[in-house]
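1. Test case, fold it:
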Amino acid sequence: MNAIASREPMMARPSLLPEPGLSIIVPMYNEAGGLASLHARIEEVARVLKAKRGLACEVVYVDDGSRDATLSIARTLPADLMDVQVISLSRNFGKEAALHAGLDHARRGALLFMDGDGQHPPTLVETLVGHWLDDGFDVVYTAKANRENESLPRRMGGKAFYALINWRARQKIPEDAGDFRLLSPRAAAALRQLPERNRFFKGLASWIGFRQKRVDYEPAEREHGQTSWNLSTLIGLSIEGLTSFSVAPLRFASLLGFLLAVSALLFGAWMLIEAFVFRTSVPGYPSLIVGLMVIGGMQLLMIGVMGEYIGKILSEIKARPTYFVAEHDVKLASQSAATPAAQAPNP
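-> Predicted coordinates for the structure are as follows:
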């Protein structure tokens, strides 16, 4: 297949109308062990969609600075049944940036996001497409049917996160929803219009509205390698989501300050009662130290919460590009030879 490399920036293409069909966007980080198998399964999905619905497909692989052979394997993947784009980012920018890169470079109207570790079953894609084409849903998202295989602290943390981010929110983010979701052409166009650089795709895909449908599924077991998600990255993603879509932490900080002030007033009133009514000598040093420690700790906590939001504002004001592209290959299914990738820096 001829590799066609674009030398034009593709961060935003408001004047270009996407082609009909479906773009499958797959962010990758160290997925060399199962990439060939995943591509074969996606090819089978593309064949079925083409035969049953006449739906043309392309797959957009976004290599997010992998340290193994992911990129070299992606370059050799065949484009027998669908177009194949391979985008190599200049370094590891994170999954949200990789999804953004795939969104910017997708050439077809509808989008489908799925992980590159094989846990999102390609066989479910036909079901998602059916809800879009047959039932008229614009966003079809998937969610874990159950979380029984996860530890209790992780399940409780997940419930606390969704309870906090959805507290008094006008648009709720569905609990346990993942990035494995399909967007219709108009939902994809709406997502492209959102300008922020600190992106939380689960929240953005819910925030745009339109008709949305949930599909429960059981994630497959990871067949190769180890997940790059750990406690620190999950906490970081949770903070990213909270500061992007909720002011609940600020409201809780205000509520905490109010409760602390009321407690201090009540404590002060009780000390006055002890001194003047019961004639009890109130020890000053312990109460003073405890009061200072409590007040100081609460102030530092509130400053930290405010700092997260201020840092987000600073990041948006600086307006740095979300990612840079080091290499971009396009293989067209209608052609039959391969040429080397071209390099085109891309914000």
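2. where along the stretch 201-347 of the chain do the strands fall?
-> Secondary structure of the stretch 201-347 of the chain, counting by DSSP state E, counting those that start in this stretch: strands at 212-217, 325-331.
3. Can you give me the domain boundaries for the chain?
-> 19-246+322-331, 248-318 (automatic domain parsing).
4. For those domains, which has the smallest mean pLDDT value?
-> Ranked by mean pLDDT, those bottom out at domain 248-318, with a mean of 73.
5. Kindly tell me how buried the residue nearest to L301 when sequence neighbours are not counted is, as a neighbour count.
-> Leaving out its chain neighbours, the residue that sits closest to L301 by C-beta to C-beta, 6 or more residues apart in numbering is A253, at 7.1 Å. In short, each C-beta sits where N, CA and C put it, glycine included. A253 has 19 neighbours, counted by other C-beta atoms under 10 Å.
6. if I pick A253, what's in contact with it?
-> Neighbouring residues of A253 by C-beta atoms under 8 Å, 6 or more residues apart in numbering: L301, M302, V305, M306.
7. before we move on, back to that, can you tell me which of the domains of the chain is packed in deepest?
-> Comparing the domains of the chain by mean neighbour count (mean count of other C-beta atoms under 10 Å), domain 19-246+322-331 comes out on top with a mean of 18.
8. returning to that earlier point: present the strands of the stretch 201-347 of the chain as TSV; the columns should include distance to L89.
-> Shown next, in TSV, are the strands of the stretch 201-347 of the chain (distance: least, C-beta to C-beta, whole Å):
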stretch	distance to L89
strand 212-217	28
strand 325-331	6
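9. can you tell which of those is closest to S315?
-> S315 lies closest, by C-beta to C-beta, to one member of the strands of the stretch 201-347 of the chain: strand 325-331, at 20.5 Å.
10. the helices in this protein, which residues?
-> 35-53, 70-76, 95-105, 125-133, 152-165, 185-192, 201-207, 231-245, 248-276, 284-318 (DSSP state H).
11. and the longest strand belonging to the chain, how far from the chain's centre?
-> Assignment by DSSP state E gives strand 19-28 as the longest strand of the chain. In terms of C-alpha atoms, centre = their mean, to the nearest Å, the centre of strand 19-28 is found 16 Å from the chain centre.
12. returning to what we had before: including distance to A190, could the contacts of A253 go into CSV?
-> CSV is the format used below for those (distance: C-beta to C-beta, whole Å):
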residue, distance to A190
L301, 37
M302, 35
V305, 30
M306, 31
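13. Return the member of those nearest to P153.
-> Nearest to P153 among those is L301, at 21.1 Å by C-beta to C-beta.
14. pretty sure that closest one is touching L256, no?
-> Yes: L301 lies in contact with L256 (C-beta atoms under 8 Å); the separation is 7.5 Å.
15. Now E58. Nearest residue, chain neighbours left out?
-> Excluding its sequence neighbours, the residue lying closest to E58 (C-beta to C-beta, 6+ apart) is D83, at 3.9 Å.
16. Would you check that that neighbour makes contact with Y61?
-> No: using C-beta under 8 Å, D83 is not in contact with Y61; the gap is 11.5 Å.
17. got the contact list for Q193?
-> Per C-beta under 8 Å, 6+ apart, neighbours of Q193: none.
18. and the residue nearest to E327 when sequence neighbours are not counted, what is it in contact with?
-> Distances taken as C-beta to C-beta, 6+ apart put S88 closest to E327, at 4.2 Å, once the chain neighbours are dropped. Contacts here follow C-beta under 8 Å, 6+ apart; on that basis S88 touches D63, L71, V325, A326, E327, H328, A341.
19. who does S88 bridge with?
-> D63, E327 (DSSP bridges).
20. That one and P27, how far apart?
-> 12 Å (C-beta to C-beta, to the nearest Å).
21. picking up where we left off before, ok, the residue nearest to E327 to S66 distance?
-> Noted for S88: a distance of 9 Å to S66, by C-beta to C-beta.
22. just V59 next, same as before
-> With the distance defined as C-beta to C-beta, V59 ends up 17 Å from S66.
23. Surely H131 touches V140?
-> Yes: counting by C-beta under 8 Å, V140 is a contact partner of H131 at 4.5 Å.
24. Could you name every residue contacting both of those two?
-> Shared contacts of H131 and V140, counting by C-beta under 8 Å, 6+ apart, come down to L182, K213, V215.
25. now these in a markdown table, with distance to E31?
-> Formatted as a markdown table, these follow (distance: C-beta to C-beta, whole Å):
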| residue | distance to E31 |
| --- | --- |
| L182 | 21 |
| K213 | 28 |
| V215 | 24 |
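26. And those residues, which is closest to A160?
-> Of those, the one sitting nearest to A160 (C-beta to C-beta) turns out to be V215, at 24.7 Å.
27. Find the nearest non-adjacent residue to the closest one, please.
-> T142 (5.0 Å).
28. Can you name the residues that contact that neighbour?
-> H120, L124, L128, A177, G178, F180, R181, R214, V215, D216, Y217.
29. do the same with E58
-> G21, L22, S23, I24, M82, D83, V84, Q85, A106, R107, R108.
30. With I295 instead?
-> L260, A264.
31. ditto for L194
-> L204, I208.
32. do you know how far it is from I310?
-> 21 Å.
33. can you check S263 too?
-> Applying C-beta to C-beta, the value for S263 to I310 is 28 Å.
34. Same check on R251?
-> 16 Å.
35. cool, A97 as well?
-> Distance of A97 to I310, given as C-beta to C-beta: 22 Å.
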